[in-house]
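>>> build me a structure from this.
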Amino acid sequence: MSDATTPALRRQLIQHLPELRDDDNVRIQRFLDTAWAEHGLARASLDSYRRDLEGLARWRDGAAGGLPGLDRAGLFDYLAWRSRHGWSPRSNARLLSALRAFFADAVRRGERSDDPSALLDPPKLPRLLPKALAESQIDALLASPDIETPLGLRDRAMLELMYAAGLRVSELVNLPANAVNLRQGVLRVTGKGSKERLVPLGEESQHWLERYLAESRPQLTGKRNVPTPQDGAVPMFLEPSLHPLSRQQFWGLVKKYAVLAGIDPARISPHGLRHSFATHLLNRGADLRALQMLLGHSSLSTTQIYTLVAREHLQKLHAKHHPRG
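A predicted model of the protein is given here:
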């Protein structure tokens, strides 16, 4: 088979692998249940772990011992196979993280005595700096929705809230209506690992959120009852179908409003609003640890990458405006 170099071809490659063995499926599900119960991994992380482990299990094609019988040489072969067929270093680093967690669980259960992934070095990853919009671009983007329509007013409120609170796109589209305290001007956000944080709304986002709740949401719902998910939390932002937007739907909205704002849609994403929130706060003197709390990062090192963006911004300002820049 020729080397696959695009996501579509890699998906075809996976589709042609053998079906997952029942015993490997049981082991993977048991591991994921443990990871959720003991470490509180988010659903997206669990889904990624499942895809990675199922891909490896299917590639082995019924080899003796299934996943727990895999040795270090087998892992080398699989990583080499993925590299030949176009998987990125970042994707392989995530796979290695899943394998280490899986084999640590297997050792703890007594299914094997060693971890074959322990001595494997993760691939070197290029440092990707977050891409932030200029403040003028943010202003143009936020002003793009047609606020004379119910959906336009909803979209304005969503964009304003995402930028004002630095939300992840999953946090925004899954936001329950009872997470907002308009009287106190704060938002209760449930982030990765089900960790909660309180984030101030800011005057502008609170204004647009109040307008959405008073004017737009009643028009979208009418007299119909809003269906609630299994957790019983009523969604804040709704489609005319009364269901919450998906991440993909919100991505499409961001692209549409970027075009209207004169921004290249290839240079923007929903996460770019979160990056812009962090970068603009740092540029205006925000404390790094306060920013860590606002973003919901468990480690300060994750937040520190924004200092590189801020430093790059200052260097450009110096070069542009200093007489000897």
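
>>> what pLDDT does the model give residue 124?
Residue 124 carries a pLDDT value of 69.

>>> so in terms of bridging, what pairs with residue 180?
Using DSSP bridges, the bridge partners assigned to residue 180 are residue 187.

>>> count of residues packed around it?
Around residue 180 there are 20 other residues, counting by other C-beta atoms under 10 Å. (Each C-beta comes from the backbone N, C-alpha and C, glycine too.)

>>> that one: what's it in contact with?
Going by C-beta atoms under 8 Å, 6 or more residues apart in numbering, residue 180 touches 187-188, 201, 209, 236.

>>> could I get the residues you listed as TSV with distance to residue 110 and pLDDT?
Compiled in TSV, those are given as follows (distance: C-beta to C-beta, whole Å; pLDDT from 0 to 100):
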residue	distance to residue 110	pLDDT
187	45	90
188	41	91
201	51	90
209	53	95
236	46	91
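
>>> which one of the residues you listed is nearest residue 157?
residue 209 (5.1 Å; C-beta to C-beta).

>>> now that closest one: which helix or strand?
helix 203-211 (DSSP states H and E).

>>> residues of stretch 274-291 that come out buried?
For stretch 274-291, a neighbour-count test (16 or more other C-beta atoms under 10 Å) marks 274-283, 286, 291 as buried.

>>> run through the neighbouring helices and strands of the helix holding residue 209.
Contacts defined by 3 or more C-beta pairs under 8 Å, 6 or more residues apart in numbering; DSSP states H and E place helix 203-211 against helix 150-165.

>>> for the helix it packs on, output the C-alpha coordinates as PDB.
Provided in PDB are the C-alpha atoms of helix 150-165 (Å, rounded to 0.1, in the frame of the first residue of the first chain):
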ATOM      1  CA  PRO A 150     -32.600  36.600  16.900                       C
ATOM      2  CA  LEU A 151     -29.800  34.400  15.600                       C
ATOM      3  CA  GLY A 152     -27.500  37.400  15.000                       C
ATOM      4  CA  LEU A 153     -28.100  38.700  18.500                       C
ATOM      5  CA  ARG A 154     -27.400  35.200  19.900                       C
ATOM      6  CA  ASP A 155     -24.100  35.000  17.800                       C
ATOM      7  CA  ARG A 156     -23.000  38.500  19.100                       C
ATOM      8  CA  ALA A 157     -23.600  37.300  22.700                       C
ATOM      9  CA  MET A 158     -21.600  34.100  22.100                       C
ATOM     10  CA  LEU A 159     -18.700  35.900  20.500                       C
ATOM     11  CA  GLU A 160     -18.600  38.600  23.200                       C
ATOM     12  CA  LEU A 161     -18.700  36.000  26.000                       C
ATOM     13  CA  MET A 162     -16.100  33.800  24.500                       C
ATOM     14  CA  TYR A 163     -13.700  36.700  24.100                       C
ATOM     15  CA  ALA A 164     -14.500  38.300  27.500                       C
ATOM     16  CA  ALA A 165     -14.200  35.100  29.500                       C
END
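
>>> which other helices and strands does the following helix or strand past it contact?
Next along the chain after helix 150-165, taking DSSP H and E as the criterion, comes helix 169-173. Applying 3+ C-beta pairs under 8 Å, 6+ apart, one finds that helix 169-173 contacts helix 150-165, helix 247-260, helix 270-283.

>>> dump helix 169-173 to CSV, keeping only the CA atoms.
Extracted C-alpha coordinates of helix 169-173, given in CSV (Å, rounded to 0.1, in the frame of the first residue of the first chain):
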residue,chain,number,x,y,z
VAL,A,169,-15.3,26.4,22.4
SER,A,170,-16.6,23.2,24.1
GLU,A,171,-17.2,25.3,27.3
LEU,A,172,-19.1,27.9,25.3
VAL,A,173,-21.5,25.6,23.4
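
>>> and the helices in the chain?
Secondary structure of the chain (DSSP state H): helices located at 7-15, 22-39, 43-60, 72-84, 89-109, 135-142, 150-165, 169-173, 203-211, 217-221, 247-260, 270-283, 288-295, 300-321.

>>> of all these, which one is nearest residue 116?
helix 72-84 (4.3 Å).

>>> report the angle between the closest one and helix 89-109.
If you take axes from the mean of the first three to the mean of the last three C-alpha atoms, to 10 degrees, helix 72-84 sits at 160 degrees to helix 89-109.
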